[in-house]
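Undergrad: below is the structure, and that's it, no one-letter string:
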């Protein structure tokens, strides 16, 4: 059984290796085949034909970050939901109530964000 | 692939922890500092999980603990970033050395 | 045979064999992508009352995509001067590798599966999240306003829909009691989860479309406003890898939907004599067709509609579904 | 875990926590849905009422201890009860200050109050935890809530900086503590405090790791009490945060930190023998505790001499006081519990009172430099006299609670072993040094004159709370038996701490 | 009645404080009247106590004891520390309390010159009085320490708020020096308390002498610590700087009390604890103590000679006179100790008297600089007469109280260490020189500065006369005091 476990993860590693290898190999082959004639014009940043002005790394609307924070919270919530769901048969009704409390608290958080107009995009 | 021994995990965790600590204490960019803190927390997680599997008395508690830690770490990171954003709005920097409006 | 291999001691030979198999599979996937693109164009053409590709490779345009790929391979590769070069180069790889990795755990039939790991579903979800990093990295490295905008949108969209996606699957997990994809398929022996979990299925489908950045949720690459979104500066094969990643995800997501909701390789009622692989292919194709159909039918959403829909509708619905399922399970089973 | 076992638990033991949680939820919902229509200070009074309710329910729970529920992760023993009293009283007074924070600075009043309550909840969980997990979760609940509280003045740069520094140091500290906890779990295979103690007692083959874990946890936990290796956040955070939050940090959060230290170290390490030496583990580690305490005392008092900002000064002063309490712990005397408890009680009243006065003056003068107190005796004799009471107590002058607290610590230290005279002398000398800066405030209040004449309006609630605090400070100083009697008789003793 | 009388005396200023509390702060006359009446009330109670003690013979009935609070729990730890409220007096402490009450009365009269904030001033002044009387009456280490510290805080405010130009600096000097002193004292007390489990002074004395709870070395260390602690208060030579600041900067009534009583707490403590707790070690160190006394004497005298400010002259003279106390104590025999105790009382009176006069002088002339004063006898003959009398008392003219104490102290020291005593006589000569130099230059020297105002008024000469009366009274009829302190001395010298 131990071997099955190890082998399975070896496969995963192989997939990772292949996933990395394919682009590398393909791009290397491409390098051999494709022409290489850079000009200044080709290397400018594309900006619908006009000359690019100031740095592209502009400041973003804070909403993006707030959504990221929301995501972190709710994604982590699933850290608890998954084990609970898997073990739900053994846990029973009480675990359901417990999880309900937990989720309700998080829902209040969502509600909070909603009410505070955080969920409104732009 | 032989069974990886406990000490390997512990050493890895210790290394991660030290890297995190070093980063947290020396780096000037606040985001990197926050990431370093995450690294430290995750080193502890690694310890918990390793002990939970290969420890003196293997049991599930360590994994449960690490679940809690993950959540807490996420909350901490979220709060930290939120504070950083609000600071950035006022101060326009995330460089920890420049955050010194209160002189000693 | 594969079981035997799995039980043997891990060794270099094993590694070689697995590697060979995986490579073979990689080519299958590449083949699928090739023909999926063709199929998409064909179906689009059909629905829009035109022919679609019909020059290269005969009347069906069978070699059209191959020709496209070859063209891309030969195309000059330009990297903008202001770009962050190392990040620019590595971004497509980051985007592609997880897309292929997730395929490792999908059970196509009860025998044809690469890695049967206990937390297959979690693995899929965890790994698939990584692609976002590739996209954001690519957009950041381009140092281009359209690209950055597209990348940020992509990130926002993908993380927003990741939550309902993950939540909707929980209904299935609740019914199965396992994260193993094999177990999930086996649990659908009698009745597919699409019937037990219709809400979850709908949420999952919508969220998966958003995750795939496909119309009607293709804001990150909205041609009419952002030119091409995050990959505007990419050309040649680097661009191809973004596209490839997208289509491999398409493949993976369709396969996952099949596994989770359509009973995987299980046959319909009495048609058990047809092999599982065929059943899987049929269901899989249906999903693929459905997604292509979406693309042609629906107009693109506005960004605000998109985000608000995800957080205000899908997430509560998914959560409600979880508790409905749990409640039903406690009360009736 | 089926329904019956769960229903058989005595859930009422968690009543105080439930009340706090319920009120916090209620406030958040009220704030969301009717927030615009009600006066925001009502939310504050609601929160205060919740604290009082929790206090009352805690009073009702005093009998029939200890109660342990949820597989010993939550235990309500007399230790928890007595220290929760401190937490609740402290939270109550800080809430009163919070209600009077200027509304143009703190816009999110609803959040402000329920974060207060959740932080309090975390502290209370820590007091009652019998398990490393609940302990850590409580700790982080407190920490994370207070990070936000420190930064609640969103548009104030200083508040932002305070919060950021707090997050970073707090994060590092809790990571270090957690790393230590992971080793404790590793060598014992349990997260239950008492089980850990048992296992450690039986199996001493991992003593090196135990020592490492002890030190890591110690270093991590010093963050909460703002003592030596992790004290540097305190001045900046105290200065930058709103005064009510500063008061909260220096009272509730610090008390919670000591609760945690006592909980972890006493229940885990107190009964564990040490291999090389024929003493218990905690005695073996005593030197480290002394170093931490001594360095804390010296840093707190010496650096405070140079401070020109009231809140900064109080930050250093609170560091110094943490050092004093650590001395009480480090000497490992049998009087430890009551000495710490009494000192924290005294510290609570005097600090909260002092912060209330600072708050009033800062609010109406817009300046929290030490010179803002100049001529206070002229402009507002009441405030000046009340403040003097608190300062005298902080300096440990007889007749005030601070003296009795310190005296108890000295007595405990020297009664345990005369060799403790080193740390005691250090502490006493440091106390004399502290006269210098405490009396510097007196100089401002009584000897100097104000730059401009102004009158201070003291809100009625704060008048009441300062009066109460002053009364308590003096009564505890003259009749300390009031508290000691309560401690020894009313709550029946700490015998239940170790089983 | 008699059980509570002592406590009543100690806390009697509280009544005045309570009254003051309700008087509006701009009612100057009323406030002063209440302040003075309060001190008179205390004095009356002292007289009552003297009568009740059957003329100063038995003080046992005044002892009072009540349990106060307790550290630790006997059931729980098996060990606890109980602190009681214990007050009691013997002849010596009775004299000290009487001196305190008397000086406070006169100082409160002198306080009429205070210019502002009378209410706060009297509140603090009365607090100070409680502290001083409590120190002498305390039978318990903790109580002693509490009263000791209670004197500290009012002094800080009184100096810092009502003092002269450098008042803040002076108040800080006072605070920090005395803070350190009390800190050392606290360490010693807590050590004793923690080790023996009792804080009662008599019991401790018994325990320390009968058991070997402390080794000789520890006892010696403790004694040295006590010497430093009380040496700061007394003050002993290298620790004296703060006294100069206080004497020059503090308001006059406060200096009166300070020179008269507060400095004596050091001597009192040294006798009570140093000699009482560690008699053997004290005897062991007697030469050192006597030497310190001689150094104090000479140092103070020499520097007093050089000063141009009357306040500083008197400050150094106080220092020098404290040396005599140390010499007496260092001699360790009956006459030495008697001299020391005598000196405590007599210097209390003389120093207070002289500072009282300085206050008058300063009010009239606006200066205390010797070179700016002179020819006072012409304009203010009565004041000059008092000044001269005070000066003579200070230098130890026979027939005045100073003579008795100095004579006895020297006699004791001659028996104990004749050479040292020989050197010390030099100090006596110097004392005569500087006192006469200062006093004569003021009274008969060239008139430098014109004096505004008249000679002494009723409120000034009456107290002065009272001072003179007492000083001469003791000088002529010393057994008035010796009878009272004899029992104390017996226990101290013969064990």
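TA: Alright, I've got the coordinates. Nothing here was measured: the structure is a model prediction, and the numbers come from that model.

Undergrad: could you point out which element follows the biggest helix by length in chain D?
TA: Secondary structure of chain D per DSSP state H: the longest helix is helix D:157-188. Scanning forward in sequence from helix D:157-188 by DSSP states H and E, the next helix or strand is helix D:193-202.

Undergrad: count of residues packed around residue E:33?
TA: Summarising burial for residue E:33: neighbours were counted as other CB atoms under 10 Å in any protein chain shown, giving 12. To be clear about C-beta, it is placed using only N, CA and C from the backbone, and glycine gets the same treatment.

Undergrad: show me what the host helix or strand of it is packed against.
TA: Assigned by DSSP H and E, residue E:33 belongs to helix E:28-52. Counting contacts by 3 or more CB pairs under 8 Å, 6 or more residues apart in numbering or on different chains; DSSP states H and E, helix E:28-52 is packed against helix E:2-21, helix E:91-110, helix E:118-137.

Undergrad: tell me which element the nearest residue to residue B:60 once chain neighbours are set aside is part of?
TA: Excluding its sequence neighbours, the residue lying closest to residue B:60 (CB to CB, 6 or more residues apart in numbering or on different chains) is residue B:52, at 6.5 Å. For residue B:52, the enclosing helix or strand under DSSP H and E is helix B:30-54.

Undergrad: list the buried residues in that helix.
TA: Residues B:30, B:33-34, B:36-52, B:54 are the ones in helix B:30-54 that count as buried (16 or more other CB atoms under 10 Å in any protein chain shown).

Undergrad: residue ranges with poor pLDDT in chain A?
TA: Low-confidence segments of chain A (pLDDT under 70): A:1-2, A:47-54, A:56-57, A:122.

Undergrad: within range of chain D, give me the residues from it.
TA: Remark: the part of chain A in contact with chain D comprises A:91, A:92, A:93, A:94, A:95, A:105, A:108, A:111, A:112, A:115, using CB under 8 Å from any CB of the partner chain.

Undergrad: phi and psi next, for the second one.
TA: Translated: residue A:92. According to degrees, to the nearest 10, the main-chain angles of residue A:92 amount to phi 80, psi -160.

Undergrad: beyond the helix or strand containing residue E:217, next helix or strand please.
TA: Per DSSP H and E: residue E:217 is located in helix E:216-233. Along the chain past helix E:216-233, the next helix or strand (assigned with DSSP H and E) turns out to be helix E:241-249.

Undergrad: work out which residue lies at the spatial centre of chain E.
TA: Residue closest to the mean C-alpha point of chain E, counted by CA atoms, centre = their mean, is residue E:261 at 2.3 Å.

Undergrad: so who does that residue touch?
TA: E:96, E:99, E:100, E:103, E:132, E:348 (CB atoms under 8 Å, 6 or more residues apart in numbering or on different chains).

Undergrad: just to revisit the earlier point, okay, the helices and strands packed on helix E:28-52 in TSV with mean pLDDT, distance to chain C and mean neighbour count next?
TA: Supplementary listing: those in TSV, determined by pLDDT from 0 to 100; distance: least, CB to the nearest CB, whole Å; neighbours: other CB atoms under 10 Å in any protein chain shown:
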stretch	mean pLDDT	distance to chain C	mean neighbour count
helix E:2-21	87	64	18
helix E:91-110	88	78	25
helix E:118-137	90	64	25
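
Undergrad: how about the ones you listed in CSV, adding distance to residue E:340?
TA: Shown next, in CSV, are those (distance: least, CB to CB, whole Å):
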stretch, distance to residue E:340
helix E:2-21, 25
helix E:91-110, 11
helix E:118-137, 16
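
Undergrad: ok so, going back, residues in contact with the helix holding residue E:33: which ones?
TA: Contacts to helix E:28-52, defined as CB under 8 Å, 6+ apart, come from residues E:1-2, E:5-6, E:8-9, E:12-13, E:15-17, E:19-20, E:23, E:25, E:56, E:61-62, E:94, E:97-98, E:101-102, E:104-105, E:107-109, E:111-112, E:118-119, E:122, E:125-126, E:129, E:133.

Undergrad: looking at the helices and strands packed on helix E:28-52, which is nearest to residue B:7?
TA: Between residue B:7 and these, the shortest gap by CB to CB is with helix E:118-137, which sits at 66.5 Å.

Undergrad: would you mind getting the angle between that closest one and helix E:91-110?
TA: Counting by axes from the mean of the first three to the mean of the last three CA atoms, to 10 degrees, helix E:118-137 lies at 170 degrees to helix E:91-110.

Undergrad: packing partners for helix E:118-137?
TA: Under the contact definition 3+ CB pairs under 8 Å, 6+ apart, helix E:118-137 sits against helix E:2-21, helix E:28-52, helix E:91-110, helix E:141-162, helix E:252-257, helix E:263-269.

Undergrad: what is the mean pLDDT for stretch C:216-224?
TA: Mean pLDDT, taken over the full extent of stretch C:216-224, equals 69.

Undergrad: same thing with stretch D:169-178?
TA: Stretch D:169-178 shows a mean pLDDT of 91.

Undergrad: now swap in stretch D:451-459 and tell me
TA: Model confidence over stretch D:451-459, given as mean pLDDT, is 80.

Undergrad: cool, and stretch D:297-307?
TA: 89.

Undergrad: list the buried residues in that stretch.
TA: Within stretch D:297-307, the residues that count as buried by 16+ other CB under 10 Å are D:297, D:298, D:299, D:300, D:301, D:303, D:304, D:307.

Undergrad: the second one is in what secondary structure piece?
TA: Translated: residue D:298. Using DSSP H and E, residue D:298 maps to helix D:286-304.

Undergrad: near chain B at all, that helix?
TA: No: for helix D:286-304, no contact with chain B is found by CB under 8 Å from any CB; the gap never falls below 8.7 Å.

Undergrad: would you mind listing what in the stretch 201-333 of chain C touches chain A?
TA: Along the stretch 201-333 of chain C, the residues adjacent to chain A under the rule CB under 8 Å from any CB are C:227, C:232-233, C:236-238, C:240-241, C:303-304, C:306-308, C:311-312, C:315-316, C:319, C:322-323, C:326-327, C:329-330.

Undergrad: got a ChimeraX select line for the buried ones in the residues you listed?
TA: Buried members of these can be picked out in ChimeraX with the line below, counting by 16+ other CB under 10 Å:
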select /C:227,232,233,236,237,238,240,241,303,306,307,308,311,315,316,319,322,323,326,329,330
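
Undergrad: so which of the residues of the stretch 201-333 of chain C next to chain A are in helices?
TA: C:236-238, C:240-241, C:303-304, C:306-308, C:315-316, C:319, C:322-323, C:326-327, C:329-330.

Undergrad: one step back: relative to residue E:81, which of the helices and strands packed on helix E:118-137 is closest?
TA: Relative to residue E:81, the nearest member of the helices and strands packed on helix E:118-137 by CB to CB is helix E:141-162, separated by 9.3 Å.

Undergrad: helix/strand/coil for the nearest residue to residue E:220 once chain neighbours are set aside?
TA: In this structure, residue E:220 finds its nearest non-sequential neighbour in residue E:281, 4.9 Å apart by CB to CB, 6+ apart. When the structure is split into helix, strand and coil by DSSP: H, G, I helix; E, B strand; the rest coil, residue E:281 lands in helix.

Undergrad: count residues in the vicinity of residue E:281, would you?
TA: For residue E:281, the tally of surrounding residues (other CB under 10 Å) stands at 21.

Undergrad: tell me the contacts of it?
TA: Contacts here follow CB under 8 Å, 6+ apart; on that basis residue E:281 touches E:216, E:219, E:220, E:223.
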